[in-house]
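K.L.:
This is the structure alone, sequence omitted:
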DNA sequence: GATTGTCACTATACTAAGTG
DNA sequence: CACTTAGTATAGTGACAATC
């Protein structure tokens, strides 16, 4: 039983360095695999790290590099297919590029993110759709924070991907009209002017 | 040239000392 | 006593220097 034996100080590069007889800087390079460490030294360091169950301290790494490899995502309600599907795709792509995804969907989380990104808790922010939550975030956001908005509008002064639902709506209308339907209703949240114009 | 070491730096929390 | 300020520690890394 090695667990629950009390709260131990985490194993650090310094601990490994002492056992390996090298500098902590060398241990960092060996573990990271930068290639500037001799093969024998690297093998020795990795062996000791494995024996000590060394786990890199992500907070310290973020502090030193200014990067967390984490992308914060603000979206609309996850019980809506569009948001759930988009988040699923985002996660797939972020994971493929060795990024973690921090999913936020409450005002409190968005507020925390505003302060958190100031200390590099997230490398950037992706916002899916404009709603009360994301709009408040965009208006309060510091200009230094990397941010991409995915929506049907580009009203906000951030990098953005504009979605054009026009062709899809037209295709849906054609299908309805060809089916002989005469009275059509359009049900949506936050219908903006551009989207409304598409429904003719 | 390859390998390793040194220094400075990061944001935050904590402690000690100084001041009113 | 309450508050402010300064110093220190933390874990890891970038840039550069030193050694063989």
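P.N.:
Sure thing, it's come through. Keep in mind it's a predicted model, so treat the numbers as computed, not measured. Residues are numbered from 1 along each chain as shown, chains lettered A, B, ... in the order given.

K.L.:
Show me the domain layout of chain A.
P.N.:
Domain ranges of chain A: A:13-56, A:68-162, A:166-198, per automatic domain parsing.

K.L.:
Among these, which comes closest to residue A:62?
P.N.:
Within these, the stretch nearest residue A:62 is domain A:68-162; the backing value is 4.5 Å (Cβ to Cβ). To be clear about C-beta, it is placed using only N, CA and C from the backbone, and glycine gets the same treatment.

K.L.:
quick one, what contacts residue A:26?
P.N.:
Counting by Cβ atoms under 8 Å, 6 or more residues apart in numbering, residue A:26 touches A:17, A:20, A:37, A:41, A:45.

K.L.:
can we see that at 7 Å?
P.N.:
A:37, A:41 (Cβ atoms under 7 Å, 6 or more residues apart in numbering).

K.L.:
mind checking how far it is from residue A:127?
P.N.:
42 Å (Cβ to Cβ, to the nearest Å).

K.L.:
Kindly report the same for residue A:29.
P.N.:
Following Cβ to Cβ, the distance that separates residue A:29 from residue A:127 is 37 Å.

K.L.:
of these two, who's got more company?
P.N.:
With neighbours defined as other Cβ atoms under 10 Å, residue A:29 and residue A:127 compare such that residue A:127 has more, 27 against 19.

K.L.:
where's that one relative to residue A:30, distance?
P.N.:
39 Å.

K.L.:
again with residue A:177
P.N.:
Separation of residue A:177 from residue A:30 (Cβ to Cβ): 68 Å.

K.L.:
neighbour-wise, which of the two wins?
P.N.:
residue A:30 (26 against 11).

K.L.:
need the contact list for the more buried one.
P.N.:
A:37, A:41-42, A:45-46.

K.L.:
ranking those by neighbours, who comes first?
P.N.:
residue A:45 leads those on contacts (other Cβ under 10 Å) with 25 neighbours.

K.L.:
Quick check: that residue touching residue A:20?
P.N.:
Yes - counting by Cβ atoms under 7 Å, residue A:45 touches residue A:20, with 5.1 Å between them.

K.L.:
if I look at these two, which residues touch both of them?
P.N.:
The contact sets of residue A:45 and residue A:20 overlap at residue A:27 (Cβ under 7 Å, 6+ apart).

K.L.:
A strand includes residue A:148, no?
P.N.:
Yes - the assignment for residue A:148 by DSSP: H, G, I helix; E, B strand; the rest coil puts it in a strand.

K.L.:
Now do the residue lying closest to it once chain neighbours are set aside: how many residues are near it, please.
P.N.:
Excluding its sequence neighbours, the residue lying closest to residue A:148 (Cβ to Cβ, 6 or more residues apart in numbering) is residue A:159, at 4.8 Å. The number of residues packed near residue A:159 is 12, by other Cβ under 10 Å.

K.L.:
Low-confidence regions, chain A specifically.
P.N.:
Per-residue confidence of chain A (counting by pLDDT under 70) places the weak regions at A:1-9, A:35, A:107-121, A:134, A:136-137, A:140-145, A:155-157, A:187-200.

K.L.:
And the helices in it, which stretches?
P.N.:
A:13-20, A:24-32, A:39-51, A:58-65, A:81-96, A:107-116, A:132-140, A:166-178, A:193-198 (DSSP state H).
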